[in-house]
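Q: I need the structure of the sequence given here:
(one chain, ligands or ions: 2)
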Amino acid sequence: MLDQPVTALPGIGKEKAKLLVKLGLKSIRDVIFSYPRSYHNYCQIFSPDQAENDQEGLFSGPLVNIQEKSLNKNRRLIQGRLLGITKSLTVSWFTVMRGRGGSYLYRQLKKSSHVWVYGTVKEGLYGLELPNGDWYTKQPSRLGLQPVYPLVAGITNAMRLRWIEFALDYINQIYECLPSVQLQTYMAREDALSSIHFPKNQEQLDKAKQRLIFEEFFLFHLSLSKLETDQQFIQHQADGQLTKKYLANLPFELTPGQEKAIVDVREDMEAPLQMRRLIHGDVGSGKTVIAEYAAIKAVNLKGQVAVMVPTEILARQMHSRLAASLGPLGVEVALLIGKSPTKAQRHTLTGLASGTIPVVVGTHALISHNVEFKRLTLAVVDEQHRFGVRQRIALSDKGHADLLVMSATPIPRSLALTLYGDLNNTVIRDLPAGRKLIDTRLIHPNRRGEVYRFLVNRVKQGEQGFVIFPLVEESDKLEAKAAIQEMDILSKGLLSSVRVGLVHGQMGKEKEEVMEGFYQQKLDILISTTVIEVGMNVPNATVMVIEDAHRFGLAQLHQLRGRVGRSSNQAYCFLISEPKTDIARDRLHVIRSTNDGLKIAEEDLKLRGPGDLLGTRQSGQPWFKLADLIEDQELLEKAAYAARQLILENPTLSEYPTLLKEVKRQQP
Ligand code: ADP
Ligand code: MG
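A: Ligands and ions are numbered 1, 2, ... in the order given. Next up, the predicted model:
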């Protein structure tokens, strides 16, 4: 019954139904689950005697002097006085009406001796006024808080009120979905739904909201869990020969953070449950080693490993890194990028399906339908913030795979809980020993020449460097052209004595060749747009020059700077900029004064707000109807915790059929 179309409600015909689709309302269920955007307070009825400037409320009294004036051909002003004992309010409305005779509103008001008007009082030229209020000729039947709904042209709030009243007749068909323990704390579902539309008072509204917000978070977290009964997760065995050899041959000492991460991953993989682990560590903290360790451990047990990264450049880089570290152990690493099935790709696809290729690195091409694995036992997702929550699940679902997620983006706790709420967290806090702080300096544009001379000097010492231009819209051909021009100017001028390469977002295959040249030190300096922002690793590069630095976001600057300082050589970052505003200056000072990614992220959050961090562009990110990720942090934590507890106790939710049904509704 709840799934009947809205036309089943009285007063909704084909035309109205079409308009309602614009509001996302197709079924009766949709109408019930479409919440008011705010409330008008009808709890108290005021007399005009109580009115004060700026007061919002429901006023009532005798209406006198009602008259209608034509302002022009089709606009009319209707005015009257609402009387109190010592004061009165001038009430007024504009209406649009052609033709002769009084308007509907005028005729209605003329007939009534007493009216009720909801609105905001304004101090006017001749005393207090109440313009364009909602008007009633009878006392509104439902006092208390009056819901205000999102509207489109042709749909009024009064219509929505009427329809929701009809829709709530079906409320008894809504079943409870929360486990009974939760109901000791939260309002029952039916009550919450009717209260959110027609709350008796603020207290009831708050309780209803709490319940529904908790439900949103709770269902979201459960929807990230695997609920199938046929979970045959791989239980990896203790470290084998290959794994031991890998660890023994590492060219450096692991940091304590890395040691801890390896222990966590080892325990997870050897447990009979699916590993779901997030390794969080600032840029340069050495997360790749953890992925390599896990990969070898999986391969050691004849499993297959998929490593997903956000861009083709990163895929190629990760591929060559893994090939270099796993190759000597006899483990083949394949690369899979793009959709076009080239010959090499077909070979890779066949190899993955038959199980002859043990490790593959790729972009999200890895989760496309034509990729099959014989026995995928480990899925690794690097630089996770670029992917949606659902994408990492899609990858591990290619098999019964353990899941390892790596991220360098420090995010506030509430966002972490939604993006990674289903994952266990390991944080790598330390950087490899011997790393020197990156020397970061703010440089006025008229001292650019010195910076480039310094850069050329470092190159002469055998080091490499980056020059970044803020060409934000990678899709824009014009800006690509600007990058080419800049490159031209630099390579003929300040950088004429060294080997320079250029990459930008409009390049195709050549981009990879240039990057490759830079890795192999056939190029000294890479001029680039932000395409190199995440994950690139060229330890020999020590100088980062960022032109027009004020045009980048703080987190972005931190990521860019993280491309240098990846060896024991002293690294430098030059921010060339002449910030015009205080905010711009403050931001650059934040970057200059700290290397701490978390601190920078917090500043960024303050300056930009949470929406930007989640990024509306990213697919698969959760958005909630009622819940606010910052405001409702406490409920979010409670819901995440409760969801986890429940899954531990009853992993398939078989004992909670109504809950299971709602969770399934959340899953795409
Ligand atoms: P990220 O965490 O940013 O992904 P990487 O895994 O790319 O960092 O590591 C950054 C650089 O540090 C690489 O060149 C890597 O070989 C090196 N590295 C990693 N761990 C250590 C360590 N314990 N000691 C010294 N160098 C390390
Ligand atoms: Mg990395």
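
Q: By residue count, what's the longest strand in the protein?
A: Determined from DSSP state E, the single longest strand within the chain is strand 56-70.

Q: strands paired with that one, and their directions?
A: Based on DSSP bridges, the pairing partners of strand 56-70 within the sheet are strand 45-46 (parallel), strand 75-83 (antiparallel), strand 114-120 (antiparallel).

Q: Dump these into JSON lines; add distance to ligand 1 as well.
A: All C-beta spots, glycine's among them, are computed from the backbone N, C-alpha and C. Converted to JSON lines, these look like this (distance: least, Cβ to the nearest ligand atom, whole Å):
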{"stretch": "strand 45-46", "distance to ligand 1": "62"}
{"stretch": "strand 75-83", "distance to ligand 1": "64"}
{"stretch": "strand 114-120", "distance to ligand 1": "54"}
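
Q: Make JSON lines out of the ones you listed and add mean pLDDT and mean neighbour count.
A: Formatted as JSON lines, the strands paired with strand 56-70 follow (pLDDT from 0 to 100; neighbours: other Cβ atoms under 10 Å):
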{"stretch": "strand 45-46", "mean pLDDT": "96", "mean neighbour count": "16"}
{"stretch": "strand 75-83", "mean pLDDT": "93", "mean neighbour count": "19"}
{"stretch": "strand 114-120", "mean pLDDT": "95", "mean neighbour count": "20"}
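
Q: okay if I get those strands as CSV plus distance to Ser368?
A: Shown next, in CSV, are those (distance: least, Cβ to Cβ, whole Å):
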stretch, distance to Ser368
strand 45-46, 62
strand 75-83, 58
strand 114-120, 55
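
Q: closest point of the stretch 351-500 of the chain to ligand 1, which residue?
A: Closest approach of the stretch 351-500 of the chain to ligand 1 (Cβ to the nearest ligand atom) occurs at Pro432, with a separation of 3.2 Å.

Q: For that residue, list the residues it contacts.
A: Phe252, Thr255, Gly284, Ser285, Gly286 (Cβ atoms under 8 Å, 6 or more residues apart in numbering).

Q: Just to be sure, the first one is in a strand?
A: No. For Phe252, which was evaluated using DSSP: H, G, I helix; E, B strand; the rest coil, the result is coil, with no strand membership.

Q: Next, count neighbours for it.
A: 11 (other Cβ atoms under 10 Å).

Q: Leu502 is in contact with Ala483, correct?
A: Yes. Between Ala483 and Leu502 there is a contact under Cβ atoms under 8 Å: 6.5 Å.

Q: neighbour-wise, which of these two wins?
A: Neighbour count, other Cβ under 10 Å: between Ala483 and Leu502, Leu502 has more, with 24 against 21.

Q: Which parts of the chain belong to which domain?
A: The record's domain split for the chain, according to automatic domain parsing, is 6-38+150-217, 46-141, 241-428, 439-594.

Q: Centre of the chain to the second one, how far?
A: Once both centres are worked out by Cα atoms, centre = their mean, to the nearest Å, domain 46-141 turns out to sit 46 Å from its chain's centre.

Q: Next: the longest one.
A: With Cα atoms, centre = their mean as the basis, domain 241-428 stands 22 Å off its chain's centre.

Q: Briefly note if that domain comes near ligand 1.
A: Yes. Against ligand 1, domain 241-428 shows contacts by Cβ under 6 Å from any ligand atom at 252-255, 258, 281, 283-289, 408.

Q: Then the last one?
A: Yes. Under the criterion of Cβ under 6 Å from any ligand atom, domain 439-594 makes contact with ligand 1 via Asn537, Pro539, Arg566.

Q: Any idea which of these the model trusts least?
A: Among the residues of domain 439-594 next to ligand 1, Asn537 carries the weakest pLDDT, at 79.

Q: OK, contacts around it?
A: Applying Cβ under 8 Å, 6+ apart to Asn537 gives the contacts Thr288, Gln317, Arg321, Arg566.

Q: And the last one, how far from Lys260?
A: What it means is Arg566. Distance of Arg566 to Lys260, computed by Cβ to Cβ, to the nearest Å: 21 Å.

Q: Of those two, give the one with the bigger neighbour count.
A: The neighbour count for Arg566 versus Lys260, taken as other Cβ under 10 Å, is higher for Arg566 (22 against 16).

Q: Can you pull out the low-pLDDT segments for the stretch 501-650 of the chain?
A: 531-535, 602, 605-623, 629-630 (pLDDT under 70).

Q: Does Asp524 touch Val498 like I think?
A: Yes. The pair Asp524 / Val498 is scored as a contact, 4.4 Å apart, by Cβ under 8 Å.

Q: Looking at those two, which has the bigger crowd around it?
A: Between Asp524 and Val498, counting by other Cβ under 10 Å, Asp524 is the more crowded of the two (23 against 19).

Q: ok, the more buried one - contacts?
A: Val459, Gln464, Gly465, Val498, Arg499, Val500.

Q: can you tell me which of these are in helices?
A: Val459 (DSSP state H).

Q: and which of the contacts of Asp524 is nearest Lys511?
A: Looking at the contacts of Asp524 and their distance to Lys511, the nearest is Val500, at 14.8 Å (Cβ to Cβ).

Q: Can you tell me who that closest one pairs with across the strands?
A: Note on Val500: beta-bridge partners Ile525, judged by DSSP bridges.

Q: So which of the domains of the chain is nearest Gln633?
A: Ranking these by their distance to Gln633 (criterion: Cβ to Cβ) puts domain 241-428 first, at 4.3 Å.

Q: Endpoint to endpoint, that closest one covers what distance?
A: 26 Å (Cα to Cα, to the nearest Å).

Q: ok, back up a step: overlap in contacts of Ala483 and Leu502?
A: Ile527.

Q: for Asn65, what are its contacts?
A: By Cβ under 8 Å, 6+ apart, the contact set of Asn65 is Gln79, Gly80, Arg81.

Q: re earlier: mind checking which of the residues of domain 439-594 next to ligand 1 land in strands?
A: Assignment to strands by DSSP E places none of the residues of domain 439-594 next to ligand 1 there.

Q: Do you have the strands of the stretch 551-668 of the chain handy? List them.
A: Applying DSSP state E, counting those that start in this stretch to the stretch 551-668 of the chain gives strands spanning 572-576.

Q: Quick check, the residue in it closest to ligand 1?
A: Proximity of the stretch 551-668 of the chain to ligand 1 (Cβ to the nearest ligand atom) peaks at Arg566, 4.5 Å away.

Q: That residue against Pro539, yeah?
A: Yes. Arg566 lies in contact with Pro539 (Cβ under 8 Å); the separation is 4.4 Å.

Q: Tell me the spacing between the closest residue to Thr86 other than its chain neighbours and Pro62.
A: Closest residue in space to Thr86, ignoring its immediate chain neighbours: Asp49 at 5.4 Å, by Cβ to Cβ, 6 or more residues apart in numbering. According to Cβ to Cβ, Asp49 and Pro62 sit 13 Å apart.

Q: Touching both of those two, which residues are there?
A: Counting by Cβ under 8 Å, 6+ apart, nothing touches both Asp49 and Pro62.

Q: thinking again about what came up before, could I get the contacts of Asn537 as a markdown table with secondary structure?
A: Output for those, formatted as a markdown table (three-state DSSP):
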| residue | secondary structure |
| --- | --- |
| Thr288 | helix |
| Gln317 | helix |
| Arg321 | helix |
| Arg566 | coil |
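
Q: ok, what's across the strand from the closest residue to Asp3 other than its chain neighbours?
A: Using Cβ to Cβ, 6+ apart and skipping the chain neighbours, the partner closest in space to Asp3 is Ser27 (5.1 Å). Counting by DSSP bridges, Ser27 is bridged to Pro5.

Q: tally of neighbours for Ser27?
A: Neighbours of Ser27 under the rule other Cβ under 10 Å: 16.

Q: for it, what are its contacts?
A: Leu2, Asp3, Gln4, Pro5, Val6.

Q: Now do the same for the fourth one: its pLDDT.
A: The one in question is Pro5. Note on Pro5: pLDDT of 94.

Q: Distance check, it against Lys18.
A: Taking Cβ to Cβ as the measure, Pro5 falls 11 Å from Lys18.
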